[in-house]
Each structure stands twice: as structure tokens, then as C-alpha cells.
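K.L.:
okay, predicted coordinates and the sequence, questions at the end:
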Amino acid sequence: MNLKTVCVAGLACLVITPSVGGEACAQAYPGKPVRMVNPFSPGGSLDLVSRALARTMTLELGQSVYVDNRPGAGGNLGVEIVAKAPADGYTLLAVQSSITINPSLQKQVPYDPIKDFEPISKISSYMFFLVVHPSTQARSVQQLIALAKAKPDQLTYASVGIGSGTHLAGELFKFMTGVKMIHVPYKGSGPSIIDLVGGQVALMFGSTSVLPHVQTKKLVLLGVTGGKRSAFVPEAPTIAESGVPGYEISAWNALFAPAGTPAAIVTRLNQLVRQGLANADTRTVMEAQGLDATPSTPQELGELVRSELPKWAKVIKAAGIKPE
């Protein structure tokens, strides 16, 4: 019996005897290389982690799992490719949390984050670090809030671009505290950190790239945006525990398949992600990028997508960010 016959038989059995059919199809999968589409350029943290994960999946499956970078249209090009791909488990999407942000940032996206995809698992997540230039005199989150309220629209905060996580972290902070600050977008983290260290802007919700400047006392760390403290700087409080209850923003990476992918294949892929994230080499890659391994069930990832879509729509509307 060839592979096609096995899978057809297995999928047919899913209707009658889900456990038997699902197991048969999962055992037969995959019979050819698996493409993992990354909708961004090579070299970023998502790309590096995706490639590490693909290596472990290849070893486990005995079939090649390879990363296919398809940048363009703010990530929408690659996402659309997977949304329209056959639901057979041979085309996957490794994507950032921007999949829940872009629908509110752009007038139209060529996919529905809920209807067009089967969640497989979260891969990793990372928080941001609220840092200020020493000249601001703020040494706690509450002092920063007081200063911003005393000087509305005078404090400036940098980001790596409009709609980025570093931008939305600032907008969520403004939304939840009622402060007024001026957003200064940059093209990337390098220029934004240079101006922050130089005192041209007052503060930033930055990535781990700001931490070396905290160590040299060129910047002051006030807090972290995650739901728990960071392993990198455990002494820094979360913003939520610093007097802004409920504040939390963590960017994340996750793996999806096209909608309609058989449940048995989704389950198998979820297991492979968990095994890959437990691999020592994958962990080393993630730690170098400041990422936490955060595997999840497909259901948990689906709930995350459904909860973040309205959350960011509300913040983006309140911030007056116009869809492009």
C-alpha cells in the first residue's frame, strides 16, 4: 500500500473511527519534504529559531523540513501563501504575533487569522524592557507616570517603527495610565538606541539589546513588560506589579498550518515542536536571542489569537494609528 492510499484510508477512518484513522495518517506523515514559510527576511530571531526547530524536526521525521523566507508586504505575502496552501501538513507558517496586529494596522489583509489557519503551537516569546535616559530623573514606573502627567506631551519615547511591538508597548502604557507622550519611530533598533543613549529621546520599551547600556549605566531600567519577571534581570519588577495592574505585552512566535489540516497531523506537529524546543541546541539559539521557549497546545494558541485581535484593535484605535 503506498503513502497516498494509507493517508486516504486514514482520513476516511477519521469519520468513522477517529483514533484509528488519526493514528494511521499521523504515522504515514510526512512522505515528502515539509516547507516552513517565514514571512520575514533571513537573519532575524524568528528565522534563527525556525531553522533550529526545522533541524530537530528533520531528524525526528526522517524527511527534510526547510525554512522558506517569503518577505514582503509587512509579512502579509508569506502569510497569504500558507493561508491558500493545501491543508495537508506540507506547508506551515512560522510567524510573529504581528499576525494579530496587522489586521488593525492595515486597511485590508489577505487572510483571516482565525478562519484561515489551524494553530499548532507557540514557539517562543519575549518581553520588552522599559528604560529611560538618566536625565529624566525617573527611577521607578510610578515616578515616570508622575513625571509624564506633570509634563504632558513633553516626554518622547522611541520605537523601531510604527506598529512594532516597541511602539505598541508604549501605546498600551499610555492607554492604561492616561499619560501623554510623543512617539518617535525609527527604522530599526540601532538608530533608536543610539538616540536614546545620547539623550535625544527620553525612554523606550526595548528588546534585550538595551540591557548592555543598563549595565554601563547609560540607561536606567524601570521595569519589564511581561507577565512575570525576566530571567535576564530578575531584580527588575514587572510594570503590572509597579502600579499598572493588568499591563502585559509579550511578543511571540508560533507555528500554524492551513485551516482544515487533519487533527492527527496537527497533533503530531505539536509534539515535534515540543521535542524541538527541549533540544539543547535549539535552547542555545533561543537564549542568544533573548527568547523564552513557550510551547502550547493548539487550543491555547487559538485562544491567544482570539484574545489579542480585539486587544490590539482597541489600543491601535485609541492611539489614532491609521490603517495603511
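P.N.:
Received, thanks. Computed from a predicted structure; not experimentally measured.

K.L.:
remind me which residues of this structure are low pLDDT?
P.N.:
Counting by pLDDT under 70, the chain has low-confidence residues at 1-27, 323-324.

K.L.:
can I see the domain layout of it?
P.N.:
32-126+250-319, 129-242 (automatic domain parsing).

K.L.:
could you dump the ones you listed into JSON lines with mean neighbour count added?
P.N.:
Any C-beta I mention is one placed from the backbone N, CA and C, and that applies to glycine too. Shown next, in JSON lines, are those (neighbours: other C-beta atoms under 10 Å):
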{"stretch": "domain 32-126+250-319", "mean neighbour count": "19"}
{"stretch": "domain 129-242", "mean neighbour count": "18"}
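
K.L.:
show me what stretch 202-216 is in contact with.
P.N.:
126, 128-133, 135-136, 144, 155-159, 165-166, 169-170, 173, 181, 189, 192-193, 196-197, 219-221, 225, 232-233, 289-290 (C-beta atoms under 8 Å, 6 or more residues apart in numbering).

K.L.:
which ones among the residues you listed lie within strands?
P.N.:
In this view, these that belong to strands under DSSP state E are 126, 129-132, 156-159, 220-221.

K.L.:
closest to residue 317 out of those residues?
P.N.:
For those, the closest approach to residue 317 (C-beta to C-beta) belongs to residue 159, at 18.0 Å.

K.L.:
who does the residue nearest to the spatial centre of the chain bridge with?
P.N.:
The centroid of the chain falls nearest to residue 252 when counting by C-alpha atoms, centre = their mean (2.2 Å). Listed by DSSP bridges, the beta-bridge partners for residue 252 are residue 125.

K.L.:
surely it touches residue 124?
P.N.:
Yes - counting by C-beta atoms under 8 Å, residue 252 touches residue 124, with 6.8 Å between them.

K.L.:
what do these two both touch?
P.N.:
Common neighbours of residue 252 and residue 124 (C-beta under 8 Å, 6+ apart) are residue 294.

K.L.:
would you mind measuring from the closest residue to residue 178 other than its chain neighbours to residue 143?
P.N.:
Distance criterion C-beta to C-beta, 6 or more residues apart in numbering; nearest residue to residue 178, sequence neighbours excluded, is residue 149 at 7.5 Å. Residue 149 sits 11 Å away from residue 143, going by C-beta to C-beta, to the nearest Å.

K.L.:
mind listing the helices for this structure?
P.N.:
3-16, 18-28, 45-61, 76-83, 102-105, 141-150, 165-177, 189-197, 211-215, 263-277, 280-288, 298-319 (DSSP state H).

K.L.:
quick check: end-to-end length of stretch 104-114?
P.N.:
14 Å (C-alpha to C-alpha, to the nearest Å).

K.L.:
contacts for that stretch, please.
P.N.:
Applying C-beta under 8 Å, 6+ apart, the external contacts of stretch 104-114 come out as 74, 76, 79-80, 83, 99-100, 102-103, 117, 162-163, 302, 305-306, 309, 312-313, 316-317, 321, 323-324.

K.L.:
if we go to 6 Å?
P.N.:
Identification of contacts with stretch 104-114 by C-beta atoms under 6 Å, 6 or more residues apart in numbering yields 76, 79-80, 83, 99-100, 102-103, 163, 305, 312-313, 316, 323-324.

K.L.:
mind listing what residue 77 touches?
P.N.:
residue 70.

K.L.:
okay, and the beta partners of the residue nearest to residue 164 when sequence neighbours are not counted?
P.N.:
Once flanking residues are discounted, residue 164 sits nearest to residue 185: 8.0 Å by C-beta to C-beta, 6+ apart. On the basis of DSSP bridges, residue 185 is bridged to residue 159.

K.L.:
now swap in residue 65 and tell me
P.N.:
Beta-bridge partners, per DSSP bridges, of residue 65: residue 34.

K.L.:
list the contacts for it?
P.N.:
Per C-beta under 6 Å, 6+ apart, neighbours of residue 65: 34, 54, 57-58.

K.L.:
and what of residue 289?
P.N.:
Contacts of residue 289 by C-beta under 6 Å, 6+ apart are residue 45.

K.L.:
now swap in residue 89 and tell me
P.N.:
Counted by C-beta under 6 Å, 6+ apart, residue 89 has contacts 29, 261, 265.

K.L.:
ok, residue 147 next?
P.N.:
Neighbouring residues of residue 147 by C-beta under 6 Å, 6+ apart: residue 138.

K.L.:
residue 144 and residue 133 touch, don't they?
P.N.:
No - counting by C-beta atoms under 6 Å, residue 144 stays clear of residue 133, with 11.5 Å between them.

K.L.:
shouldn't residue 182 be in contact with residue 157?
P.N.:
No - counting by C-beta under 6 Å, residue 182 does not reach residue 157; the two are 7.3 Å apart.
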